[in-house]
Each structure stands twice: as C-alpha cells, then as structure tokens.
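Chemist: Give me a 3D structure for the following:
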Amino acid sequence: MAHAHIASSGPAWATAVTMGAHGLMSDEPAALGGADAGPAPYDLLLASLGSCTAITLRMYAARREWPLEEVILDLSHHQEDGRSKITRKIWLEGDLDETQRARLADIAERTPVTLTLKNAADITTVLQP
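Modeler: The predicted structure follows:
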C-alpha cells in the first residue's frame, strides 16, 4: 500500500512531501505564483508513471534474462478538449530482438501506474477535524 503525507504552510505554494523514509518538496513554477522549489504536481505524476514503467520493464526483462541494459523515458502532459493527454516515449537499450522489444512495449501499456491512470482511480476525500 502506498502512502504520502503532504504539509503546505511555507512560502507560496511549496509543499513538503513525505513518503516513508523519503521526502521532497513540490511547488509551482514562478509563472504560476510558486517559487519553483521542487517539481510541480503534474511533473510528479509523470515521474511516477515513468518510474513505474522503467522498473516494470527492467523486472520483466531480468526474469527472462533478456539483455535489457537501460530504459530511458521522456514523458509529457497537456490538456486537449478537457482531457489529459500523456505522451510516453521509451528507449530500450540492449541487444533485444524485435519480438522482445514488442513484448516490452506491450508490458509498458499494463504497468500498475499505467493501469491506474487509464482506468481512473476512485478518490474518497475525508475532511478531518
């Protein structure tokens, strides 16, 4: 089960993000009134999708002893007709044949975060006292 704790009380829109033993700052860019003290929320969303994709592809290839040396991703997000659009470009480094590359492309479409975003998540908001 994933968990994140967010605290926002500092300058402008900066938020302290804690996930277990790990922490980072998130903020909006100066153009949106922030101090650019960390990645913006959509940047974090893309980082989550990209990280999950890279990890899943590497795990899949390792289990099959395929020669995947590196996974490189470039992701972008924009809005179009009121809907979010994400482009995920993937480079697979290593001596992979076309069948292996095609299988990894197929697996990329079914990583856990990919499926969460494609299927949309049910979000329950509980305002605490």
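Chemist: got the buried residues for the longest helix belonging to the chain?
Modeler: The helix of greatest length in the chain, counted in residues with DSSP state H as the criterion, is given as helix 41-63. Residues of helix 41-63 classed as buried: 45-46, 48-50, 52-54, 56-58, 60-61 (neighbour count, 16 or more other C-beta atoms under 10 Å). C-beta here means a position set from N, CA and C on the backbone, and glycine is covered the same way.
Chemist: What's the separation between His78 and Ala31?
Modeler: As for His78, its distance to Ala31 is 16 Å (criterion: C-beta to C-beta, to the nearest Å).
Chemist: And those two? Which one has more around it.
Modeler: Higher neighbour count among His78 and Ala31: His78, with 10 against 7, using other C-beta atoms under 10 Å.
Chemist: give the contact list for that one.
Modeler: Applying C-beta atoms under 8 Å, 6 or more residues apart in numbering to His78 gives the contacts Ser84, Lys85.
Chemist: buried sites along whatever helix or strand it lives in?
Modeler: Using DSSP states H and E, His78 maps to strand 68-80. Applying a neighbour-count criterion of 16+ other C-beta under 10 Å, one finds Leu68, Val71, Leu73, Leu75 buried in strand 68-80.
Chemist: which of the residues you listed lies closest to Leu104?
Modeler: Of all the buried residues of strand 68-80, the one sitting nearest Leu104 is Leu68; the distance, using C-beta to C-beta, is 7.3 Å.
Chemist: That closest one and Ala61 touch, don't they?
Modeler: Yes - with contact defined as C-beta atoms under 8 Å, Leu68 and Ala61 form a contacting pair (3.7 Å).
Chemist: Give me the common contacts of these two.
Modeler: Residues touching both Leu68 and Ala61 (C-beta under 8 Å, 6+ apart) are Gly94, Gln100, Leu104.
Chemist: Which parts of this structure belong to which domain?
Modeler: The chain breaks down into these structural domains: 1-39, 41-119 (assignment by automatic domain parsing).
Chemist: Show me the one of those domains that comes nearest Val126.
Modeler: Distances from Val126 to each of the domains of the chain were compared using C-beta to C-beta; the shortest belongs to domain 1-39, at 14.5 Å.
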